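Enquirer: one predicted model, sequence on top.
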Number of protein chains: 4
Amino acid sequence: MMLKGSSTKMLLLLKSSATSVPKTFIQSTCITYCRKMSSIPKLDLGGIYPPIPTPFDDKEEINFAALESNVKKWKQLPFRGFVVHGSNGEYTYQTPEEKVEVVRKLRSWVSEDKLIIAGAGCESTRDTIRMSQAMAGAGADAVLVVTPFYYKNSMTSDALCNHFTQVADNSPVPVLLYTVPAFTTIDMSVESVVTLAKHPKIIGIKESSGNVIKIGHIINKTKNEDFQVLGGSASYLLQSAVVGAVGGVCALANVLGEDVCRLHELIKAGNLDASAELQRRLIAPNLAVTSKFGVPGLKFALDKFGYYGGKPRSPLMPLGKEQQELLLNDFKEDGFLK
Amino acid sequence: MMLKGSSTKMLLLLKSSATSVPKTFIQSTCITYCRKMSSIPKLDLGGIYPPIPTPFDDKEEINFAALESNVKKWKQLPFRGFVVHGSNGEYTYQTPEEKVEVVRKLRSWVSEDKLIIAGAGCESTRDTIRMSQAMAGAGADAVLVVTPFYYKNSMTSDALCNHFTQVADNSPVPVLLYTVPAFTTIDMSVESVVTLAKHPKIIGIKESSGNVIKIGHIINKTKNEDFQVLGGSASYLLQSAVVGAVGGVCALANVLGEDVCRLHELIKAGNLDASAELQRRLIAPNLAVTSKFGVPGLKFALDKFGYYGGKPRSPLMPLGKEQQELLLNDFKEDGFLK
Amino acid sequence: MMLKGSSTKMLLLLKSSATSVPKTFIQSTCITYCRKMSSIPKLDLGGIYPPIPTPFDDKEEINFAALESNVKKWKQLPFRGFVVHGSNGEYTYQTPEEKVEVVRKLRSWVSEDKLIIAGAGCESTRDTIRMSQAMAGAGADAVLVVTPFYYKNSMTSDALCNHFTQVADNSPVPVLLYTVPAFTTIDMSVESVVTLAKHPKIIGIKESSGNVIKIGHIINKTKNEDFQVLGGSASYLLQSAVVGAVGGVCALANVLGEDVCRLHELIKAGNLDASAELQRRLIAPNLAVTSKFGVPGLKFALDKFGYYGGKPRSPLMPLGKEQQELLLNDFKEDGFLK
Amino acid sequence: MMLKGSSTKMLLLLKSSATSVPKTFIQSTCITYCRKMSSIPKLDLGGIYPPIPTPFDDKEEINFAALESNVKKWKQLPFRGFVVHGSNGEYTYQTPEEKVEVVRKLRSWVSEDKLIIAGAGCESTRDTIRMSQAMAGAGADAVLVVTPFYYKNSMTSDALCNHFTQVADNSPVPVLLYTVPAFTTIDMSVESVVTLAKHPKIIGIKESSGNVIKIGHIINKTKNEDFQVLGGSASYLLQSAVVGAVGGVCALANVLGEDVCRLHELIKAGNLDASAELQRRLIAPNLAVTSKFGVPGLKFALDKFGYYGGKPRSPLMPLGKEQQELLLNDFKEDGFLK
């Protein structure tokens, strides 16, 4: 049974205020215990989310009209919700004010049954806490918190666990961990994830490394926790679902939303042959809008599929002619474009 | 329908001699075309293979008696065959003569319905060709050819395609590509694999990167070829099978052969829930005998499970006490040891 | 002959307004040509700079009193100037307002003959331009602009050249490129650096990869440009100076300022034996406050040497007891502590 | 004072037999102590060595006539000796028999005052010991032993120290450690090198990582040992010499032997300005025959400079037309070709 995001959130907020913000890990553990006792309904994360890109105009200002028009179309699709300010959102290129404003607008455009998961990760713990609170205030149902990454050698398991615990202790809404080594070069050990999964406000992870061994391992080790795993790409929706992932945050869903949702449905229905065939066909188009051509590729594809894509902010550069052809080819070869 | 390895092999050998060894890629392509025409039966690779370790005595000499005793037990299990001189076999620590002798002995111990896939990869093309021929002579049904890797920057797509084509042109038995970036730091592009898959003697790939996106991608792009993908580990047997892998070469199968074969059967039967549960439980034990503790871990585990493990050749060192405890724990936590 | 930073800056500002901000690379090249014609005096960067850490109080707020007290001591030493908001300054953990305020205060404390080089690099080009302008307004003599790094695959030579050119075109003060792959995983090709060195406002590079081959290569290829290279660490001051680097930005100079400056003097005096001996002795202490124990190590060492170090901002964690001992040992072994 | 290789070798051999081969590290340490007492003259490694390539004919067989003709020219130059079967020698592409034969021939062509340092590193300790003994028998003055590298995670400090100690204990001639992470991805910690430097038969290291921080660090920590460091490339001869390296093994010396030897002389004479200028000019040509175009580039350059280069063994491929042009350009730009 799927719960409305709002009621869960209310319960969690209630709980937060009732217990006062926990400051230490011992306290957190205690709270975990309490949760198991009182059976607070969890936020059901199962489903597909597009990690929406941020449209810019010719002066690189946020084009809210274009965003609204895109959202109108995406609302028609059976998405579980929206991820905003993930890596595809060029979140590192936006000011804090811009980031909050995008979430506020988005909340005003989509109904409560669509979850809004907002990226709130910053390099420092204090900035991340502030951003989580701001995102909750702007209407986010949960925040997505990327591993800090600049001081790589210092991002030990202890440092990461401490960071996420502090953030979760102080976030008004549930927290999803977010690992994306392609951009951060930081991965978290299974042990760290398992430790953090015990925190009552840490409800899941968006795993964008593509490591389906780790995904299976995490799910095995957290089987007694309220902890859900979302894959981070349409390239391994099926491969992660079979070991227990509940859905995916898929750049490709911005462009081929119908197909990605259909794949999710086929998997849920246990239709393995059709799932396998569709999964395999989606890989090349998905790589084209992610690892191969990045955000500029995704934006170019949006333009081709009737959405507003436009240009990225500099230093990202729009695709050149040759890259555009290669991208289109990746969609054509598997029959998603003529 | 599964074919006996021997009849296929005979046909391929026949074909080799009939056409004379092709020297150029153009000729190879022509042969590919011919194969499609004459529908040569292919070698069905589907199933589980233990990549067998090489037992050594106290003076680091090969202990053939111990190997025979291990093989006797493994023969009882429903393996599709054996991989010998993969990374788990310490193949880089053996002389060419030792490597051939191991295969010859193994062939004398196992019946023809068990495939013997023998590692024949060397750094140079000429050594690889010689080793492929020697392995075929010793009774191997197919050879496993790892990407050369010392001169990393020079191992371009062209260099790799040229290498594998020459090897396949001159190998008396079918060839499996072998990518294992954890040891070689070399991966092959999907494009290279797809090109090589057209060669009549290149019948598959052992993909040991754990990249199930690439596995799905390769299977999609080779759907019109006689080309099969084997996963390289028990950690992602299910995750690779759902996108089309036909089986796996699994270090863990040396130790938990029954469980790994059962997982393969569950997958084939489409029993997703039981597959998922078993797959997840096998991850920690599998990591323990692969990435975590390597060959010394695998050998220690063999000793614990009634096989002969013994010590690796130096510079590999046997597990220390603390590592042994950690390894055993990884088996205990998921119920594979008490 | 060394010029005062201010006069150079004035000339550059004059030049900027006179020519209007160049928008394209062709225009930039033209300006380069003009500069060579009109022989604008360049900023002499030669010497040692401590990349100053930012002190925080127990609530993780910037402790300006502590900073002033540190600066008072550093002012006594023959530094060429100060680098502020480099990696050692925890710049990624500060708000834009904090960053500007630190520079404003620093300018008020140090005389004009000490250069202030202020980190202004942000992920987006627009934020970097704004920060460069703010830093110039706060009194910086030059800005240090790190390579953007989040979208790694997209940071091609073209993207980086375009980014730095736009920033330089719009910065009121000269620009130093900053490469620090240990934190960013991004390096710039020699070709890109050589291209950018032609820009009239790009006067040098802080090279923190430790790659003294690249340093020599850059200096060879920019011998006809007004372009200076600063090494990024006390571990290779001598090794980079002998191929033409003019000085260094050295974390260790915060702690052992006198020794690092003495090394610079010995090198300038051509005293190779004494340079070699001191250089070698400085490596272990330098590694201790950089790659080995990072900013927390540097702050701990400051406390030990009579400065204010204090704690880093979370998620950085202060050194544990054992790490403290190891760090002290690295200073003791080479005679810098008893 | 420089000693003839042969007398030193004799003394060491004498010593080996006198004490019986040490088997444990404790024994080794004891011997180290003895050495200090008895002041055995050490092998002076100071100078320039070309790491000679192995010429092949059209059938990829070793072309000994071509090798002899090359050696005749190299003998005219003031090299300290020759490194054979380093990475530039395509040693991984040769059989053990071929490797020994090359050394035997080389010894017959060059007089005793030229050191022959022969690569003897294999993956297993036992093969390395055998090869060291064979190389000594063929006339090598010392062996160069690369870090084993296939089982990367298992190559801990303990494993490497144990490997090199066993090899040194059993080698009839002195041992040089060899680290070349570009090919092996394995580096050794300074601590490991310092430990191994105490072994009486381990007389130095060929450091090919280009890390001149590590070189200075090692020299500082081994200042009380008979231990010498050779840099592994002409790109940082000066940068490593100033912190104490005694010379270099330089691929470029095969082609521009006179220039590389001149650089070494300028450095020894303390002529810093001329050293710096020549060092900088040598970087681009050196990169062209190493990291940029590898062994195929070196062989092409040999052909251009009046030596026999020829083709590498497959899977290495000869340079294409475009690469040839780029390589020639790197020599032309700095005035080494017209």
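Expert: In hand now; what should we look at? None of these values were measured; they are calculated from a predicted model.

Enquirer: count the residues that sit near residue A:218.
Expert: Residue A:218 has 27 neighbours, counted by other C-beta atoms under 10 Å in any protein chain shown. Yep, even glycine has a C-beta here, placed from its N, CA and C like the rest.

Enquirer: pretty sure it contacts residue A:194?
Expert: Yes. Using C-beta atoms under 8 Å, residue A:218 is in contact with residue A:194, at 6.9 Å.

Enquirer: and the pLDDT at the spatially closest residue to residue A:142 that is not a sequence neighbour?
Expert: The spatially closest residue to residue A:142, leaving aside those adjacent along the chain, is residue A:174, at 4.4 Å (C-beta to C-beta, 6 or more residues apart in numbering or on different chains). If you check residue A:174, the pLDDT there is 98.

Enquirer: and for residue A:42?
Expert: Value for residue A:42, per-residue pLDDT: 73.

Enquirer: and residue A:27, by the same measure?
Expert: In the prediction, the pLDDT value recorded for residue A:27 is 34.

Enquirer: low-confidence ranges, chain A, go.
Expert: Counting by pLDDT under 70, the low-confidence segments of chain A come to A:1-41.

Enquirer: how about the residues of it by chain B?
Expert: A:210-213, A:216-217, A:219-220, A:233, A:235-236, A:238-240, A:242-244, A:270, A:272, A:275-276, A:279-281, A:283-284, A:287, A:334 (C-beta under 8 Å from any C-beta of the partner chain).

Enquirer: are any of the residues you listed buried, and which?
Expert: Listed as buried from the residues of chain A next to chain B are A:210-213, A:216-217, A:219-220, A:233, A:235-236, A:238-240, A:242-244, A:272, A:275-276, A:279-281, A:283-284, A:287, A:334; burial here means 16 or more other C-beta atoms under 10 Å in any protein chain shown.

Enquirer: so how far is residue C:240 from the residue nearest to residue A:142?
Expert: Separation of residue A:174 from residue C:240 (C-beta to C-beta, to the nearest Å): 50 Å.

Enquirer: for residue A:202, same thing?
Expert: When distance is defined by C-beta to C-beta, residue A:202 is 46 Å away from residue C:240.

Enquirer: repeat for residue A:294
Expert: Counting by C-beta to C-beta, the gap from residue A:294 to residue C:240 is 34 Å.

Enquirer: what about the residue nearest to residue A:305 when sequence neighbours are not counted, neighbour count?
Expert: Spatial nearest neighbour of residue A:305, chain neighbours left out: residue A:255 (4.9 Å); criterion: C-beta to C-beta, 6+ apart. By the criterion of other C-beta under 10 Å, residue A:255 has 29 neighbours.

Enquirer: can you check residue A:252 too?
Expert: Neighbour count for residue A:252, taken as other C-beta under 10 Å: 30.

Enquirer: isn't there a strand covering it?
Expert: No. Using DSSP: H, G, I helix; E, B strand; the rest coil, the secondary structure at residue A:252 is helix, not a strand.

Enquirer: check whether the closest residue to residue A:147 other than its chain neighbours sits in a helix, strand or coil.
Expert: Among residues not flanking residue A:147 along the chain, residue A:186 sits closest, at 4.5 Å (C-beta to C-beta, 6+ apart). Three-state assignment for residue A:186 (three-state DSSP): coil.

Enquirer: test my guess that residue A:186 contacts residue A:192.
Expert: No. Residue A:186 is beyond contact range of residue A:192, at 10.9 Å (criterion: C-beta under 8 Å).

Enquirer: find the residues that touch each one of the two.
Expert: Residues touching both residue A:186 and residue A:192 by C-beta atoms under 8 Å, 6 or more residues apart in numbering or on different chains: residue A:160.

Enquirer: those two: who's more crowded?
Expert: residue A:192 (20 against 16).

Enquirer: hmm, that one is touching residue A:160, no?
Expert: Yes. Contact criterion C-beta under 8 Å: residue A:192 and residue A:160 qualify, at 5.7 Å.

Enquirer: tell me the buried residues in stretch A:121-140?
Expert: Using 16+ other C-beta under 10 Å as the test for burial, stretch A:121-140 gives A:121-136, A:138-140.

Enquirer: for stretch A:283-292, same thing?
Expert: Neighbour counts over stretch A:283-292 (16+ other C-beta under 10 Å) mark A:283, A:284, A:285, A:286, A:287, A:288, A:289, A:290, A:291 as buried.

Enquirer: the stretch 201-338 of chain A: helices as residue ranges?
Expert: Here the stretch 201-338 of chain A has its helices, by DSSP state H, counting those that start in this stretch, at A:212-221, A:237-241, A:257-268, A:272-287, A:294-304, A:321-333.

Enquirer: next, format those as TSV and append distance to residue A:104.
Expert: Output for the helices of the stretch 201-338 of chain A, formatted as TSV (distance: least, C-beta to C-beta, whole Å):
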stretch	distance to residue A:104
helix A:212-221	33
helix A:237-241	30
helix A:257-268	23
helix A:272-287	30
helix A:294-304	22
helix A:321-333	33
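
Enquirer: got JSON lines for the ones you listed, with distance to chain C too?
Expert: Formatted as JSON lines, these follow (distance: least, C-beta to the nearest C-beta, whole Å):
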{"stretch": "helix A:212-221", "distance to chain C": "21"}
{"stretch": "helix A:237-241", "distance to chain C": "22"}
{"stretch": "helix A:257-268", "distance to chain C": "23"}
{"stretch": "helix A:272-287", "distance to chain C": "12"}
{"stretch": "helix A:294-304", "distance to chain C": "5"}
{"stretch": "helix A:321-333", "distance to chain C": "11"}
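
Enquirer: nearest to residue C:299, of these?
Expert: The minimum distance between residue C:299 and the helices of the stretch 201-338 of chain A falls on helix A:212-221, with 33.8 Å, by C-beta to C-beta.

Enquirer: for the stretch 101-250 of chain A, which segments count as strands?
Expert: A:115-119, A:142-146, A:175-179, A:202-207, A:228-231, A:247-249 (DSSP state E, counting those that start in this stretch).

Enquirer: between those strands, which one is nearest to residue D:261?
Expert: Residue D:261 lies closest, by C-beta to C-beta, to one member of those: strand A:175-179, at 52.5 Å.

Enquirer: distance from the closest one to the middle of the chain?
Expert: Strand A:175-179 sits 8 Å away from the centroid of its parent chain (C-alpha atoms, centre = their mean, to the nearest Å).

Enquirer: which neighbouring elements make contact with that strand?
Expert: In terms of contacts (3 or more C-beta pairs under 8 Å, 6 or more residues apart in numbering or on different chains; DSSP states H and E), strand A:175-179 is packed against strand A:142-146, helix A:157-170, strand A:202-207.

Enquirer: how about JSON lines for the ones you listed, with mean neighbour count added?
Expert: Shown next, in JSON lines, are those (neighbours: other C-beta atoms under 10 Å in any protein chain shown):
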{"stretch": "strand A:142-146", "mean neighbour count": "28"}
{"stretch": "helix A:157-170", "mean neighbour count": "21"}
{"stretch": "strand A:202-207", "mean neighbour count": "27"}
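
Enquirer: now these in CSV, with distance to residue C:65?
Expert: Output for the helices and strands packed on strand A:175-179, formatted as CSV (distance: least, C-beta to C-beta, whole Å):
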stretch, distance to residue C:65
strand A:142-146, 33
helix A:157-170, 27
strand A:202-207, 38
